[in-house]
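Peer 1: Any chance you could fold what I've pasted below:
(chains A, B, C and D)
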Protein chains: 2
Amino acid sequence: MAATIKDVARRARVSIASVSRTLNNSSSVTPGVRERVLRAASRLHYTPHAAARSLISRRTHTIGLLLPDIHGEYFSELIRGVDRAARARGLHLLVSSTHGNNAEAADALRSMNGRVDGLLMMSPYIGGASLEDALPSGLPTVLMNTHEPAGIGAAFVVDDFGGARAMTAHLVAAGYEDIAHIRGPGNDFQSLERVRGYRAGLGAGGVARVIDGDFTEESGYLAGRTLAASDTPPQAVFAANDTMAIGCLFALTEAGVRVPHDIALAGFDDIPIARFVSPPLTTVRVDVAEMGRRALESLVVAIADPDAAGRSSIETVPVELVVRTSCGADSGHRTRCKEARE
Amino acid sequence: MAATIKDVARRARVSIASVSRTLNNSSSVTPGVRERVLRAASRLHYTPHAAARSLISRRTHTIGLLLPDIHGEYFSELIRGVDRAARARGLHLLVSSTHGNNAEAADALRSMNGRVDGLLMMSPYIGGASLEDALPSGLPTVLMNTHEPAGIGAAFVVDDFGGARAMTAHLVAAGYEDIAHIRGPGNDFQSLERVRGYRAGLGAGGVARVIDGDFTEESGYLAGRTLAASDTPPQAVFAANDTMAIGCLFALTEAGVRVPHDIALAGFDDIPIARFVSPPLTTVRVDVAEMGRRALESLVVAIADPDAAGRSSIETVPVELVVRTSCGADSGHRTRCKEARE
DNA sequence: AGACTCTCTGAAAACGTTTACTTGGCGCCG
DNA sequence: CGGCGCCAAGTAAACGTTTTCAGAGAGTCT
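Peer 2: Residues are numbered from 1 along each chain as shown, chains lettered A, B, ... in the order given. Next up, the predicted model:
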């Protein structure tokens, strides 16, 4: 149906090689030929066939983005960051989400062979088959938020430990003594790091109180209800992500517990909603879009320089404590409006 | 680097044809051959090269998703809906965002030739080059939220007109007489439809009061400030999307105007945040994820049946009025908590 | 026992490009 | 005036698959 290079060549009365050369201006062609080719190409609405082109040139100008799930603002932000960087470099984005386990990820990964020039992968799962041997060999890869030794390529990991420790320390400094932590799923690397940071932040004297969650609002809600009904409710709650913090907030509000007056609350991620709940949520800001951008740039250099570049480097993405009113250590209304407007 | 079908054939001591047949179980092969091929393939970590495969088979198992911008929750939801449907059918997703104009979209579109089996496109822009002739001819396409006559293929459009009319009528019924509308950009089809719905909802007696905006929170904020400072502030404000409504809400709050007591407020889209602002925002719910799913399904049938199926059908995606407290016509707190938990 | 049919396997063409190599024409220099 | 190089254009190979076609071998029927 669609016109091929042969059709253009025939119409322009030249060889297909000349058409290719003209269109890629790889080598000089006579103005006359050039003119005819261009005219014929536009007449026929010719567009090169990407598959054929990448078969021979071994370049797809596409990079694969493998995510655990596309749900929620966290990933939306990440996609956005990656997309902007990719489009600035003329690259396409093949997005794939793997609901859950590594086996599924390995599958998705396999089917990307010959489809992408490189891979951007976020795989916080622990256990199960390692992804390393599922990777089409030689495919440049950049990992995000993974525990795997970065034998595969460069990696970017959010400073989950540091952020959680800083937040916990902040709560301790604010005078809270009994600080509960709603953790994420046990097979998630980031979740574990945050628990570790929480314990570190408590310090030697502190006693840890960890409640299970799974990063969903529902689990935060349940945890909040449990805590509110407890004989010994904590003075503060630090949820491993904002989504759970918000679920918890609703459970507490529903139970008549005032935040932060009765129980202080803090989250992690600084998703856009965090500013808008009431009271505004104290949290740890993670610039995921920026992480996406950096990861893509890193991938681009890895692709350009197959094996020499940044092999096995792990880079930590810094985080930032964002103190709002939900933790009770803030001046209140003004900050909220200012932030909301930024 | 990576193993090819030839390597597998050599190792299994069979022809490449047998390897291909075994791997696609297209035709019966002897158990012995099958066994050898499978063993060789797994030994070599063989993965078929997607480009080569799609060059000959004319199937990429990938569909292109072209969006105006990936920013915000609206698109995040859409991507999610499409992704789920796609992965259920074993399809990949090539995502591309076109910041702005149709020319850029045409460009992105052209480069998808040979990369995708079909196209899912959301292009609300009006004016500029039509996309129709930029389309690689014969590529099945499904449009979303577009004004273009769907000569290209099937189309799904949100009932912007109906939603805006219903919302305006609701405000009128609630007793407001002076209802302002913060509109979206002038080159956006949905924006225009919503203005049209607003006017229709006002009815014969109503007098329209339209303020310019561009769908961003910033523009909503500015509009809100203007309105608050006006000599004759309106009794109600209907913003063309939630993002602007939230911007407006902050401007009003900042100016000391109480919502809904002094001025009622309503938005459009029901983005997740809408439930969490205070007061919770009355809005029009659009199930974008569902629209994405339906659009993809429709595209799948169009791909399966090249030209017979649903050519030029336009389907309207229904919307739903969601009354919360910001419009002053609700019972208040209970609804909020209930909704937030759902 | 010979021919016919059926099944499995291999050889080779095709998909639409890019690119190394070849050819031919022309200008320049000796 | 003839050979030498240079440049533009064409020819063909290659990329890694799928698929058509043909051939070989075995089994069956007459």
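
Peer 1: Residue A:297: what's it in contact with?
Peer 2: If you count contacts by Cβ atoms under 8 Å, 6 or more residues apart in numbering or on different chains, residue A:297 has them with residue A:85. Placement of C-beta: from N, CA and C, glycine included.

Peer 1: quick one: it from residue A:303, how far?
Peer 2: Distance, residue A:297 to residue A:303, by Cβ to Cβ, to the nearest Å: 11 Å.

Peer 1: Residue A:7: neighbour count?
Peer 2: For residue A:7, the count of nearby residues is 17 (other Cβ atoms under 10 Å in any protein chain shown).

Peer 1: That one touches residue A:44, doesn't it?
Peer 2: Yes. Residue A:7 is within contact range of residue A:44, at 5.7 Å (criterion: Cβ atoms under 8 Å).

Peer 1: if I pick residue A:50, what's in contact with it?
Peer 2: A:60, B:111-115.

Peer 1: so which two of those are the farthest from each other?
Peer 2: The distance between the two most remote of those (Cβ to Cβ) is 13.5 Å, for A:60 and B:113.

Peer 1: Does whichever strand or helix holds residue A:79 reach chain B?
Peer 2: Assigned by DSSP states H and E, residue A:79 belongs to helix A:72-88. Yes. Under the criterion of Cβ under 8 Å from any Cβ of the partner chain, helix A:72-88 makes contact with chain B via A:72-73, A:75-76, A:79-80, A:83, A:87.

Peer 1: Beyond that helix, next helix or strand please.
Peer 2: Downstream of helix A:72-88, the next assigned helix or strand under DSSP H and E is strand A:92-97.

Peer 1: what does that next one rub up against?
Peer 2: By Cβ under 8 Å, 6+ apart, the surrounding residues in contact with strand A:92-97 are A:60-70, A:79, A:82-83, A:86, A:108, A:112, A:115-116, B:62, B:79, B:83, B:87, B:92-96, B:111, B:115.

Peer 1: if you skip the residues just before and after it, what's nearest to residue A:242?
Peer 2: Closest residue to residue A:242 apart from its sequence neighbours, by Cβ to Cβ, 6 or more residues apart in numbering or on different chains: residue A:267 at 3.8 Å.

Peer 1: That neighbour: neighbouring residues, count only.
Peer 2: 32.

Peer 1: cool, residue A:300 as well?
Peer 2: Counted with other Cβ under 10 Å, residue A:300 comes out at 20.

Peer 1: now the strand or helix carrying residue A:265: how far from the chain's centre is it?
Peer 2: Assigned by DSSP H and E, residue A:265 belongs to strand A:264-266. With Cα atoms, centre = their mean, to the nearest Å as the basis, strand A:264-266 stands 25 Å off its chain's centre.

Peer 1: which helices and strands sit right next to that strand?
Peer 2: For strand A:264-266, the elements it packs on are helix A:160-173, strand A:236-239, helix A:242-254, judged by 3 or more Cβ pairs under 8 Å, 6 or more residues apart in numbering or on different chains; DSSP states H and E.

Peer 1: Go again with 6 Å.
Peer 2: With contacts defined as 3 or more Cβ pairs under 6 Å, 6 or more residues apart in numbering or on different chains; DSSP states H and E, the packing partners of strand A:264-266 are strand A:236-239.

Peer 1: Can you list the strands that the strand it packs on pairs with?
Peer 2: strand A:179-182 (parallel), strand A:264-266 (parallel) (DSSP bridges).

Peer 1: Make JSON lines from those strands and add distance to residue B:260 to it.
Peer 2: Listed next are those as JSON lines, based on distance: least, Cβ to Cβ, whole Å:
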{"stretch": "strand A:179-182", "distance to residue B:260": "34"}
{"stretch": "strand A:264-266", "distance to residue B:260": "28"}
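
Peer 1: any idea which of those strands is most buried?
Peer 2: strand A:264-266 (a mean of 28; mean count of other Cβ atoms under 10 Å in any protein chain shown).

Peer 1: residues in contact with that strand?
Peer 2: A:167, A:236-238, A:245, A:249, A:259, A:282, A:326-328 (Cβ atoms under 6 Å, 6 or more residues apart in numbering or on different chains).

Peer 1: Quick check: which of the residues you listed has the minimum pLDDT.
Peer 2: Scanning the contacts of strand A:264-266 for pLDDT, the smallest score is found at residue A:328, 88.

Peer 1: Apart from its chain neighbours, what residue comes closest to that one?
Peer 2: residue A:260 (3.3 Å).

Peer 1: quick one: the residue nearest the centre of chain A and DNA strand D, what's the gap?
Peer 2: The centre of chain A sits closest to residue A:78, judged by Cα atoms, centre = their mean, with a distance of 4.3 Å. Residue A:78 is 31 Å from DNA strand D, where distance means Cβ to the nearest atom of the strand, to the nearest Å.

Peer 1: got a list of what that residue touches?
Peer 2: Applying Cβ under 6 Å, 6+ apart, the residues contacting residue A:78 are A:288, A:292.

Peer 1: Quick one: mean pLDDT for stretch A:303-317?
Peer 2: Mean predicted confidence for stretch A:303-317 is 74.

Peer 1: whoops, stretch A:196-204 was the one
Peer 2: On average, stretch A:196-204 scores 95.

Peer 1: Go ahead and confirm residue A:267 touches residue A:243.
Peer 2: No. Assessed by Cβ atoms under 6 Å, residue A:267 is found out of contact with residue A:243, at 7.9 Å.

Peer 1: Can you name the helix or strand that residue A:232 falls in?
Peer 2: Take DSSP H and E as the rule and residue A:232 turns out to sit in neither a helix nor a strand.

Peer 1: Skipping adjacent residues, who's closest to residue A:320 in space?
Peer 2: That would be residue A:285: by Cβ to Cβ, 6+ apart, it lies 4.5 Å from residue A:320.

Peer 1: Quick one: neighbours of that neighbour, just the number.
Peer 2: Here the number of neighbours of residue A:285 (other Cβ under 10 Å) works out to 16.

Peer 1: Thank you kindly, that will do.
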